[in-house]
Every structure is written in structure tokens, then in C-alpha cells.
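1. sequence first, predicted model second:
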Amino acid sequence: MDALNGMGLELHETNWVQGCQELSTACNLDSTVYDVSYLLLAEKTKSIFITADQKLHEKAKGHFRVIHIKEYL
């Protein structure tokens with residue numbers, strides 16, 4: 001725990017409203033709630049989502065600020 005604490009990680013909790021948004025978005029993108037939760041977190045924190053998952057990239061690119069890792073490197 002000390003090592004994790006020293007890494008400067010931020011925890012972001014979710015709530016029922018966000019959970020409903022995640023589920024709805026996952027259904028709309030035909031994706032998992034797990035993947036969509038990260039996409040929505042990136043959007044909330046005004047970050048670009050970087051992924052190596054080609055299928056997720058294709059599904060998300062018209063809706064989120066997302067790039068494939070090949071474009072990043």
C-alpha cells in the first residue's frame with residue numbers, strides 16, 4: 001500500500017447516476033461497462049483515452065477523444 005500511495009494515483013468513485021450512464025453508453029456502443037467506465041472517466045477528466053484495443057477504438061472514436069496506441073507512439 002505504501003508503494004501505491006507514493007505513485008500519486010487518484011481514485012474516482014462512481015455513483016448510481018454515473019453507473020446508469022455507463023450502462024446506457026455501453027449498450028449504445030455495444031461495448032462493456034468496464035471499457036465505457038474508462039472512456040467516461042477520461043471524458044470527465046478532460047483526458048484523451050489511449051487504447052491498444054482496435055475494436056474499442058473503432059466504437060469510441062466518433063464519441064470520445066480516443067486514439068489508438070499506434071497513433072501515440
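-> Alright, I've got the coordinates. Residues are numbered from 1 along each chain as shown.

2. who touches stretch 52-62?
-> Taking contacts as Cβ atoms under 8 Å, 6 or more residues apart in numbering, the residues outside stretch 52-62 that touch it are 29, 30, 31, 35, 39, 49, 51, 66, 67, 68, 69. Every C-beta, even on glycine, is put in place using the N, C-alpha and C of the backbone.

3. contacting residues for residue 44?
-> By Cβ under 8 Å, 6+ apart, residue 44 lies in contact with residue 12.

4. gap between it and residue 28?
-> Using Cβ to Cβ, to the nearest Å, residue 44 is found at 17 Å from residue 28.

5. show me what the helix or strand encompassing residue 67 is packed against.
-> Per DSSP states H and E: residue 67 is located in strand 66-68. Secondary-structure packing of strand 66-68 (3 or more Cβ pairs under 8 Å, 6 or more residues apart in numbering; DSSP states H and E): strand 49-51, helix 54-60.

6. let's have those in JSON lines, adding distance to residue 5 and mean pLDDT.
-> Formatted as JSON lines, the helices and strands packed on strand 66-68 follow (distance: least, Cβ to Cβ, whole Å; pLDDT from 0 to 100):
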{"stretch": "strand 49-51", "distance to residue 5": "25", "mean pLDDT": "97"}
{"stretch": "helix 54-60", "distance to residue 5": "30", "mean pLDDT": "97"}
